[in-house]
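**Student:** compute the structure for the input listed below.
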Amino acid sequence: MKSFWNAIRDSLHHAPTLVLATLCSVGVAFLWGSNIGALYPVVEMTLNGESIQSWLEKGASASSAELTRIESELAVLKQPNQNQQTEIKRLERLASQAARNRDTKQYLVKLADKVLPRDAFQTICWIMGLLMVSTLIKHALMLTNEMLIGHVSTSIVRDLRMRVFDSALAMDRKTFQAHGTSGLLSAITVAADGLTNGLIQLFGAAIREPLRIASCLIMASFINWRLLLLSLVLAPLLVALVVFFNRRIRRVASSILGRNAGFHEVLLEALSNVFTVQAFTMEEHERERFRQCTKDMKRIQLKMIFWTGFGKPFTELIGVAMVAITVCAGAYLVVNKQTHLFFLRVCDSPMSVTDLLIFFGLLIGASDPLRKLSGVSVMIYQGVVSSELLYGILNAKPVLPEPENPKRLIGRHHQLSLKEVGFQYHPNQPVLQDVSLEIPFGRTIAFLGSNGSGKSTLIQLLCRYYDPITGSIELDDVNLKDLALHDIRQRITLVSQSTELFNRSVFENIQYGTPNATREDVEIAARLAHAHDFITQSLPDGYETNVGQAGQKLSGGQRQRIALARAILRKPEILILDESTSQIDMASELQIRETLQAMKGQMTILIITHREALIALADEVYTMHHGVLIPTQSESWRAEHKAA
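**Tutor:** Numbers count the residues shown, from 1 in each chain. A predicted model of the protein is given here:
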């Protein structure tokens, strides 16, 4: 619930809009009760054939007669031999009330004469016309209310989506892997939609519907407040049932969000790896996973439908019971012209048929928004559950915190230092052990080693995707932890084996990371990566060819050359090549080696590869063995390799 309060707190930025929306809700509630109350004179005139004026005059005369009777009783009680102060005070209060009723009705008669005809039928038609106009105004206010609330809620959720997306982009690898792409996607889509609906209901119906109920109950209290209290005797039971069903619904809502994350996971895995699925003829297996996932979602959604639907008849039944109690009690009072129900005083004078009919109408008018509130609570609880997922992501503490006052390196760095670096993903399972290395700017270093030896982990630490458990990594004696992440990654460019391209043109993919690069700059970088020829000769639209999602329209080697061109265009201080030419043919790799040879000295180049064409570039060669860095003389390596 705390997270939902955070969302409400965020909405205070839109306080003027919410105030205006609330005023619209007040207007809707007032017109709702007034429209029902307007039937009172219509019923009176229909039954008695009177106009508004004659009806009001009749009421004023009755109030005058009542006032005269009370004054006579007071005159008797105020005789010297009488001593009934309590009764005198009661009669004085009734006299004051009768006088006010008389004066009010006399004033209303004068007002009605100015705007209403004396003919009863014409008056009914006039009231019905006014009722239609007020209904139009009510719906206009309701539409305005919904638009204002929609603006606030969608603005809040858009902001939350942007914050979650920003948070996801800034996440360290460990936190990102904990949530997963499917979990983040579920939060940004399903959870955000759930929170939107919850906020719309909270600021809209959760305010508007109780006000509509209140307007009807207030008007009913003017007719007979004691009978109104009698009709509310079952209200505590109604509240208890609503709380019971809402708890069940909240549990189901939590399950739905969890299943949605699993649904997105199955969907993304199968479609992102569709060629692998087809190559290993696992279509039926993935279909079965998807069937099971959607079956689970269906089961939980049916639970939601059941509890939501199961709660409505109980709520409505209690509402009908409340009206039924009132109908029986009111009918007894009207038919028998009584003021007491058993030993309880219900009214000061017997109720009329008109009073009873309008009282029933107001209770029924209150039951409609009461019925809607049961659905409102469901949506709000879904919003509560959704907010917990969203704010859980936003409030998660980063594993790689940014320094509060980051240090700055002026200009190009001179040396990259690894000092007794140790790292492990899991306790007691070291991946790197006491790795120390000094790399002056402009050197080219090659790292060899078997899979799992720690080469790629070392690269992850250099890019500060993780921090060392022990030791430190420094640029010019400044720990990477003391530098802003943006500063670190502006100086480093990584080209990995798993090339990541965007569903955009070749030009945009090469320009990515260097937005101010010109067409000429992009083409120069493509030539250096030996990608220009296949771009202009093999692709239908040259540099404007869309590469497809994850570059699926290109071969593996073509993707790697575009990624290399993107890295070259950026002109980094440190270029890291992690098996970046593994899918490139030998002739192209030799050409790329010539490009890298020309770039030596202009940047620090770190190479992870088993391809001799690139290892031959290295000034120094190191072998990773079980997390330990072992120096290997490049010349001796070449001699051993040649002999082999």
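
**Student:** so His413 sits against Gly442, correct?
**Tutor:** No: if you go by CB atoms under 8 Å, His413 and Gly442 don't touch, sitting 10.8 Å apart. Every residue, glycine included, has its C-beta placed from N, CA and C.

**Student:** after the helix or strand hosting Ile127 comes which helix or strand?
**Tutor:** Under the criterion of DSSP states H and E, Ile127 resides in helix 120-170. The helix or strand immediately downstream of helix 120-170 is helix 173-186, counting by DSSP H and E.

**Student:** which stretches of the stretch 451-600 of the chain form strands?
**Tutor:** For the stretch 451-600 of the chain, the strands defined by DSSP state E, counting those that start in this stretch cover 470-475, 478-479, 492-495, 574-578.

**Student:** against which helices or strands is the helix holding Ile127 packed?
**Tutor:** In terms of contacts (3 or more CB pairs under 8 Å, 6 or more residues apart in numbering; DSSP states H and E), helix 120-170 is packed against helix 2-10, helix 15-37, helix 39-48, helix 52-77, helix 173-186, helix 192-203, helix 353-394.

**Student:** so which of the ones you listed is nearest Ile630?
**Tutor:** Ile630 sits nearest to helix 173-186 of all those, at 26.4 Å, using CB to CB.

**Student:** what residues sit buried inside that closest one?
**Tutor:** By neighbour count with 16 or more other CB atoms under 10 Å, helix 173-186 contains the buried residues 175-176, 179, 182-186.

**Student:** do stretch 126-137 as well
**Tutor:** For stretch 126-137, the neighbour count (16+ other CB under 10 Å) marks 127, 131, 134 as buried.

**Student:** got a list of what the second one touches?
**Tutor:** By that I understand Leu131. Counting by CB atoms under 8 Å, 6 or more residues apart in numbering, Leu131 touches 35, 38.

**Student:** please report the distance of Thr135 from Ala366.
**Tutor:** Noted for Thr135: a distance of 18 Å to Ala366, by CB to CB, to the nearest Å.

**Student:** what about the closest residue in space to Ala270 that isn't next to it in sequence, how many neighbours?
**Tutor:** Take Ala270 and drop its neighbours on the chain: the residue closest to it by CB to CB, 6 or more residues apart in numbering is Glu286, 4.4 Å away. By other CB atoms under 10 Å, 18 other residues sit near Glu286.

**Student:** what pLDDT does the nearest residue to Ala29 once chain neighbours are set aside get?
**Tutor:** Leaving aside its chain neighbours, Ala29 sits nearest to Leu211 (3.5 Å; criterion: CB to CB, 6+ apart). Note for Leu211: predicted pLDDT of 88.

**Student:** got a list of what Leu211 touches?
**Tutor:** Residues near Leu211 by CB under 8 Å, 6+ apart: 25-26, 28-29.

**Student:** cutoff 7 Å now
**Tutor:** Each residue near Leu211 by CB atoms under 7 Å, 6 or more residues apart in numbering is listed here: 25-26, 29.

**Student:** list the buried residues of stretch 259-273.
**Tutor:** So stretch 259-273, judged by 16+ other CB under 10 Å, has buried residues 259-267, 269-270.

**Student:** returning to what we had before: can you put the helices and strands packed on helix 120-170 in TSV and add mean pLDDT and distance to Asn451?
**Tutor:** Output for the helices and strands packed on helix 120-170, formatted as TSV (pLDDT from 0 to 100; distance: least, CB to CB, whole Å):
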stretch	mean pLDDT	distance to Asn451
helix 2-10	78	42
helix 15-37	86	58
helix 39-48	64	83
helix 52-77	76	93
helix 173-186	78	19
helix 192-203	83	40
helix 353-394	78	33
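
**Student:** nearest to Leu432, out of those helices?
**Tutor:** Counting by CB to CB, Leu432 lies closest to helix 173-186 out of the helices and strands packed on helix 120-170; the figure is 15.3 Å.

**Student:** now for that closest one, which elements pack on it?
**Tutor:** Judged by 3 or more CB pairs under 7 Å, 6 or more residues apart in numbering; DSSP states H and E, helix 173-186 is in contact with helix 235-272.

**Student:** and the very next helix or strand once past the helix it packs on, which residues are buried?
**Tutor:** With elements assigned by DSSP H and E, the helix or strand that comes after helix 235-272 is helix 274-279. Going by neighbour count (16+ other CB under 10 Å), the buried part of helix 274-279 is Val277.

**Student:** for the record, mean pLDDT for helix 274-279?
**Tutor:** Across helix 274-279, pLDDT averages out at 78.

**Student:** ok, stretch 420-429 next?
**Tutor:** On average, the pLDDT along stretch 420-429 is 87.

**Student:** keeping just the C-alphas, turn it into PDB.
**Tutor:** The C-alpha trace of stretch 420-429 is given here as PDB (Å, rounded to 0.1, in the frame of the first residue of the first chain):
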ATOM      1  CA  GLU A 420      45.200  -7.200  -7.300                       C
ATOM      2  CA  VAL A 421      41.700  -7.500  -8.700                       C
ATOM      3  CA  GLY A 422      39.600 -10.400  -7.400                       C
ATOM      4  CA  PHE A 423      36.000 -11.200  -8.300                       C
ATOM      5  CA  GLN A 424      33.400 -13.900  -7.800                       C
ATOM      6  CA  TYR A 425      29.800 -14.200  -8.900                       C
ATOM      7  CA  HIS A 426      29.000 -16.700  -6.100                       C
ATOM      8  CA  PRO A 427      30.600 -17.200  -2.700                       C
ATOM      9  CA  ASN A 428      33.700 -19.400  -2.600                       C
ATOM     10  CA  GLN A 429      33.800 -19.600  -6.400                       C
END
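
**Student:** I'd like the distance from that stretch to the chain centre, please.
**Tutor:** 38 Å (CA atoms, centre = their mean, to the nearest Å).

**Student:** right, so of the helices and strands packed on helix 120-170, which gets closest to Val157?
**Tutor:** helix 192-203 (4.5 Å).

**Student:** other SSEs contacting the closest one?
**Tutor:** When contacts are defined as 3+ CB pairs under 7 Å, 6+ apart, helix 192-203 sits against helix 120-170, helix 353-394.

**Student:** per-domain residue ranges of this structure.
**Tutor:** Domain ranges of the chain: 2-16+153-394, 415-503+567-643, per automatic domain parsing.

**Student:** test my guess that the residue nearest to Ala270 contacts Val277.
**Tutor:** Yes: the pair Glu286 and Val277 passes the contact test of CB atoms under 7 Å, sitting 5.5 Å apart.

**Student:** between those two, which contacts overlap?
**Tutor:** Residues touching both Glu286 and Val277 (CB under 7 Å, 6+ apart): Ala270.

**Student:** tabulate the buried residues of helix 173-186 (CSV), appending distance to Ser11.
**Tutor:** Listed next are the buried residues of helix 173-186 as CSV, based on distance: CB to CB, whole Å:
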residue, distance to Ser11
Thr175, 28
Phe176, 29
His179, 25
Ser182, 29
Gly183, 25
Leu184, 24
Leu185, 25
Ser186, 23
